[in-house]
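1. Only the shape, not the letters, is given here:
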């Protein structure tokens, strides 16, 4: 019981305290421990755990196949992949390169399996992300409330600003976009459609007239250029939001680490 | 704790430490980390102060966080539907604080599944995380008096590779159709692949991560998300212990202090720009280099 409870807590607290002290105390032994030895210890323990992981994977899938549990057919593929890679890594190399370096030899069977089976499969999974981004964006951009509308508008402006066509969109199109956005916001306040439509046209014409008078077609102000708007969105509101979250995350990490180092948070040890 | 003791613990002791640090006798401290040290000291003592306050019985209000309340609802829903609960602890090792937080939350979720007698499924990406997760679940089931419901197969290893893991977890989701899915840990590009698949099977999804770049994806695809510090506070919140909740209040006061400093920097930058106050306050914040 002492080993499982108290000793584990003592090790956790002392290691946490040592790791923290390594940043502030000028002892070369301590610094070497925190910078080099401790990560190496972790790697060694993780290495042993990797062996346990492989055993667990094998055990789980062999049991599935032997007991013919639900969806046991998929486990055959897992086991096959596992065994084939082990054979090509440790039993059959197909090249004259010595054992070990043969893993990086382009002509070895292991490399072939990695290059022509594993990599395309991983790339396929990664490529799926594009479709998932599209479906997620569709859901996020659906106009349900003011925030979703803002998200849609900034999303469209960002997308336009990041492609070449965004740079050639003339200022008057952006003016119409601004006016449309303004009228979309006040649309619920104006009940009479005719009044709404006429005022929309009039404001547009007025803005365009003003633009031509101020010679915006020769010297366009930055707020009417899509790439500049895109840059502003990324540099100001997006950065402000992400920094706020990052400050919160940093403080959360400090508090969590403090709870762990002082031994108050013991649930990681199952306590 | 009496006022005198409080005064000594939370004012005199930090002051003595600071004096020793800045005097730096025998060159004991690394030079250049002053800002980190001072911030760390203030944060730690402030958190400790509120922990002690909570311990002494002071009532601490904690605003309700929907995602944390939804965790129990999600497990309850899974039980009603007769489906399993899937818990994804991220793709990083135990050297990441996010993973540690994920494992801590797993303990609480496992406690809920033990109480509701619903199935729990924890596919792991890193073997060492699998071992920690097993221990956490085993203890949670034991604590709830249901060790009979626990089996080692509920926490299992899938693979170390990011996208292979995503494929494996997606497969589990599509085959088992869990009613509740939890994503708590460190995630990268696979976050959206997982969350969108979970969404497609109609699971109630609760996510939490410290990866700021993945939060938007989770917000889009999940029902509830623990954003930023909420994720780290979740374990304290779920434990219900007054000490732990006190630490969250301390953390909030540190945040208030940060806001105050941001305000000072903002004002002094304006004054500096107009030449009213010729001192670049930012230089104070640039001296700290942890190497």
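-> Received the coordinates, thanks. Owing to the predicted nature of the structure, the values given are computational and were not obtained by experimental measurement. Numbers count the residues shown, from 1 in each chain, chains lettered A, B, ... in the order given.
2. I'd like the domain boundaries of chain B, if you could list them.
-> B:3-59+B:245-285, B:66-239 (automatic domain parsing).
3. Can you report how many residues lie near residue A:43?
-> 11 (other C-beta atoms under 10 Å in any protein chain shown). In short, each C-beta sits where N, CA and C put it, glycine included.
4. Residues of the stretch 151-271 of chain A that sit close to chain B?
-> A:242, A:244-249, A:251-260, A:262, A:264-265, A:267-271 (C-beta under 8 Å from any C-beta of the partner chain).
5. Residue A:110: what's its closest spatial neighbour, skipping adjacent residues?
-> Nearest non-adjacent residue to residue A:110, counting by C-beta to C-beta, 6 or more residues apart in numbering or on different chains: residue A:88, 4.0 Å away.
6. can you pull the pLDDT of that neighbour?
-> pLDDT recorded at residue A:88 is 91.
7. what about it, neighbour count?
-> Around residue A:88 there are 20 residues (other C-beta under 10 Å).
8. so it touches residue A:113, yeah?
-> Yes. Between residue A:88 and residue A:113 there is a contact under C-beta atoms under 8 Å: 6.0 Å.
9. Is residue B:183 in a helix, a strand, or coil?
-> Classification of residue B:183 using DSSP: H, G, I helix; E, B strand; the rest coil returns strand.
10. if we can go back for a sec, with residue A:249 as the reference, measure out to the residue nearest to residue A:110.
-> 43 Å (C-beta to C-beta, to the nearest Å).
11. again with residue A:230
-> From residue A:230 to residue A:249 the distance is 26 Å (C-beta to C-beta).
12. try residue B:93
-> Residue B:93 sits at a distance of 19 Å from residue A:249 (criterion: C-beta to C-beta).
13. The two: who's more crowded?
-> residue A:249 (23 against 20).
14. Isn't residue A:228 up against residue A:222?
-> Yes. Distance between residue A:228 and residue A:222: 4.2 Å, which falls inside the contact criterion (C-beta under 8 Å).
15. rewinding a little: type out the PyMOL command that picks the buried ones from the residues of the stretch 151-271 of chain A next to chain B.
-> Typed into PyMOL, the line below selects the buried ones among those, using 16 or more other C-beta atoms under 10 Å in any protein chain shown:
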select buried, chain A and resi 245+247+248+249+251+252+253+254+255+256+257+258+259+260+262+264+265+267+268+269+270+271
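16. Quick one: mark the members of the residues of the stretch 151-271 of chain A next to chain B that sit in helices.
-> A:242, A:244-249, A:251-260 (DSSP state H).
17. quick one: buried residues of stretch A:43-60?
-> Of the residues in stretch A:43-60, A:46, A:49, A:53, A:56, A:57, A:60 count as buried by neighbour count, 16+ other C-beta under 10 Å.
18. what's the closest of these to chain B?
-> Among the buried residues of stretch A:43-60, residue A:53 lies closest to chain B (C-beta to the nearest C-beta), at 2.9 Å.
19. Can you tell me the element that closest one falls in?
-> helix A:38-66 (DSSP states H and E).
20. Now do the helix or strand just after that helix against helix A:38-66, angle only.
-> Sequence order places helix A:72-90 as the next helix or strand after helix A:38-66, per DSSP H and E. Comparing the axes of helix A:72-90 and helix A:38-66 via axes from the mean of the first three to the mean of the last three C-alpha atoms, to 10 degrees yields an angle of 130 degrees.
21. Return the list of helices and strands in contact with helix A:72-90.
-> The contact analysis (3 or more C-beta pairs under 8 Å, 6 or more residues apart in numbering or on different chains; DSSP states H and E) places helix A:72-90 against helix A:38-66, helix A:109-113.
22. Columns mean pLDDT on top of those, output as a markdown table?
-> Listed next are the helices and strands packed on helix A:72-90 as a markdown table, based on pLDDT from 0 to 100:
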| stretch | mean pLDDT |
| --- | --- |
| helix A:38-66 | 91 |
| helix A:109-113 | 91 |
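23. of all the ones you listed, which lies closest to residue A:140?
-> helix A:38-66 (36.2 Å; C-beta to C-beta).
24. what's that closest one packed up against?
-> By 3+ C-beta pairs under 8 Å, 6+ apart, helix A:38-66 packs against helix A:8-24, helix A:72-90, helix B:127-143, strand B:155-157.
25. Please state the offset of the first one from the chain centre?
-> Once both centres are worked out by C-alpha atoms, centre = their mean, to the nearest Å, helix A:8-24 turns out to sit 30 Å from its chain's centre.
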